[in-house]
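Student: Pasting the sequence and the predicted coordinates here, then a few questions.
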Amino acid sequence: MAKKKLTELSDADLLKRLDEVSEDLFNLRFQNATGQLTNVQRLGEVRKDKARVLTELRMREIAAAEALEEEVAS
């Protein structure tokens, strides 16, 4: 299955993706601490993936708050 863009995912799918990326990051950090990690670049990639997911969730949160504010102001 091809990866969808984060903007195309639903909120529930984004939260699921966040859980997956967080678990992956934890495992990579654990492997790095124990000296088992062979591809250290993967840490940076996963960290950036997590930041992208969090950014998309925050953008949606802000958009929802602005829409609610406009609705109340009307």
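Tutor: Arrived safely, thanks for sending. The model shown is predicted, which means the values in this text are computed figures rather than measured ones. Residues are numbered from 1 along each chain as shown.
Student: Only C-alpha atoms from now on, for both contacts and neighbour counts.
Tutor: Noted.
Student: In contact with residue 32, which residues?
Tutor: residue 40 (Cα atoms under 8 Å, 6 or more residues apart in numbering).
Student: Mind telling me what element the residue minimising distance to the centre of the chain is part of?
Tutor: Note on the chain: the residue nearest the mean C-alpha position is residue 53, at 2.4 Å, using Cα atoms, centre = their mean. Element membership of residue 53, judged by DSSP states H and E, is helix 41-73.
Student: Quick check: mean pLDDT of that helix?
Tutor: In this model, helix 41-73 has a mean pLDDT of 96.
Student: Would you mind measuring from the residue lying farthest from the centre of the chain to residue 65?
Tutor: The centre of the chain is farthest from one residue, residue 74, which by Cα atoms, centre = their mean lies 33.7 Å away. Note on residue 74: its distance to residue 65, by Cα to Cα, to the nearest Å, is 14 Å.
Student: go on, residue 37?
Tutor: 42 Å.
Student: So between these two, which is more surrounded?
Tutor: A count of neighbours by other Cα atoms under 10 Å puts residue 37 above the other of residue 37 and residue 65, at 16 against 12.
Student: Give me the distance between the helix holding residue 53 and the centre of its chain.
Tutor: On the basis of Cα atoms, centre = their mean, to the nearest Å, helix 41-73 sits 9 Å off its chain's mean C-alpha point.
Student: Quick check: buried residues in it?
Tutor: Going by neighbour count (16 or more other Cα atoms under 10 Å), the buried part of helix 41-73 is 43, 46, 49, 50, 53, 56, 57.
Student: Same list, the residues you listed, but as a markdown table with distance to residue 17 please.
Tutor: Below are these laid out as a markdown table (distance: Cα to Cα, whole Å):
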| residue | distance to residue 17 |
| --- | --- |
| 43 | 16 |
| 46 | 11 |
| 49 | 9 |
| 50 | 9 |
| 53 | 8 |
| 56 | 12 |
| 57 | 11 |
